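Student: whatever this is, show me its structure:
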Amino acid sequence: MKLTKYKKQIPAKLYKLLESRGFEELRPSQIKSIKAGLFEDKNLLVCTPTGSGKTLVGELAILDAIYKNVGKAVYIVPLKALANEKYREFKARYPDLKIAISIGDIDSPEFHLAKYDVIICTSEKLDSLLRHQAPWLKDLKVVIVDEIHLITDPNRGPTLEILLTILRTLLKDIQIIGLSATIGNPKELAEWLDAELVLDKWRPVKLEQGVHLDGQIEFV
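Tutor: Next up, the predicted model:
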């Protein structure tokens, strides 16, 4: 869908940013997220295939909060390597924002993070910051949870589940955006998060299934 069609539904500063980055069209997951309340502080659970544009949904929620000056954002990833990757991407993409990464093993409130707009971290690190009552956490407005399906992981899932429960209890106006390509029970998770469910099957490259035998592939 053409970006121009949704000009009235996208905050002006974000619309100009998308234009400057060369966006002419929005992908189905992005359109559905806007319609579901992305810019109305609604919690969203976005379950769409890899490469379908989920990350931009999270980024738009972050930028909307920061540009409106209503609070800072945390982007939760499951792995330190992924945190480093996201940090490099965000620093290059948004040089006007103050972006930090917090993945170290130091158990402290990390007071210096108060001066940053966006903090990229793992769920274990954010759990540590909560337990140490980092004072800047009260300024959180948006939490993006990448790979939120890991909430069912027997080892790491309980930390993420408790973390989200605490955040929703302490910060009544927080907006949570969950992103995943593989959730077995999206309706139940969306209900638990009190989130609007965004489902779509569109992917940038068609996924085909076939059988390889003797150097030949026979597609189903």
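Student: centre of the chain to the worst-scoring helix or strand of the chain on mean pLDDT, how far?
Tutor: Here the helix or strand of the chain ranked lowest by mean pLDDT, DSSP states H and E is strand 216-219, holding a mean of 75. On the basis of Cα atoms, centre = their mean, to the nearest Å, strand 216-219 sits 37 Å off its chain's mean C-alpha point.
Student: so which elements touch it?
Tutor: Strand 216-219 sits against strand 210-213, with contacts defined as 3 or more Cβ pairs under 8 Å, 6 or more residues apart in numbering; DSSP states H and E. For glycine as for every other residue, the C-beta is placed from the backbone atoms N, C-alpha and C.
Student: run through the chain and note the low-pLDDT ranges.
Tutor: For the chain, residues meeting the criterion pLDDT under 70 lie at 202-208, 220.
Student: what about the strands in it?
Tutor: Assigned by DSSP state E, the strands in the chain fall at 44-47, 72-77, 99-102, 118-122, 140-146, 175-180, 196-199, 210-213, 216-219.
Student: tell me the bridge partners for the closest residue to residue 116 other than its chain neighbours.
Tutor: In this structure, residue 116 finds its nearest non-sequential neighbour in residue 100, 4.0 Å apart by Cβ to Cβ, 6 or more residues apart in numbering. Under the criterion DSSP bridges, residue 100 forms beta bridges with residue 119.
Student: what is the neighbour count of residue 100?
Tutor: Residues near residue 100, counting by other Cβ atoms under 10 Å, number 18.
Student: what sits against it?
Tutor: Counting by Cβ atoms under 8 Å, 6 or more residues apart in numbering, residue 100 makes contact with 112, 113, 116, 118, 119, 120.
Student: same thing with residue 58?
Tutor: Contact partners of residue 58, counting by Cβ under 8 Å, 6+ apart, are 75, 144, 146, 177, 179.
Student: for it, give its distance to residue 127.
Tutor: Separation of residue 58 from residue 127 (Cβ to Cβ, to the nearest Å) stands at 20 Å.
Student: equivalent analysis for residue 98, please.
Tutor: On the measure of Cβ to Cβ, residue 98 and residue 127 end up 23 Å apart.
Student: circling back to that earlier point, among the contacts of residue 100, name the buried ones.
Tutor: 113, 116, 118, 119, 120 (16 or more other Cβ atoms under 10 Å).
Student: which one of those sits closest to residue 39?
Tutor: Closest to residue 39 out of the buried ones among the contacts of residue 100 is residue 118 (17.7 Å), distances taken as Cβ to Cβ.
Student: ok, that closest one touching residue 102?
Tutor: No. Between residue 118 and residue 102 there is no contact under Cβ atoms under 8 Å: 10.8 Å.
Student: rewinding a little: distance to residue 9 added to the strands of the chain, as TSV?
Tutor: Listed next are the strands of the chain as TSV, based on distance: least, Cβ to Cβ, whole Å:
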stretch	distance to residue 9
strand 44-47	15
strand 72-77	21
strand 99-102	27
strand 118-122	24
strand 140-146	18
strand 175-180	17
strand 196-199	15
strand 210-213	40
strand 216-219	39
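Student: list the contacts for the residue of the chain most remote from its centre?
Tutor: In the chain, the residue that sits farthest from the middle, by Cα atoms, centre = their mean, is residue 214; the gap is 42.7 Å. Applying Cβ under 8 Å, 6+ apart, we find residue 214 in contact with no residue.
Student: next one: it from residue 189, what distance?
Tutor: For residue 214, the distance to residue 189 - Cβ to Cβ - is 43 Å.
Student: please consider this matter closed, and thank you.
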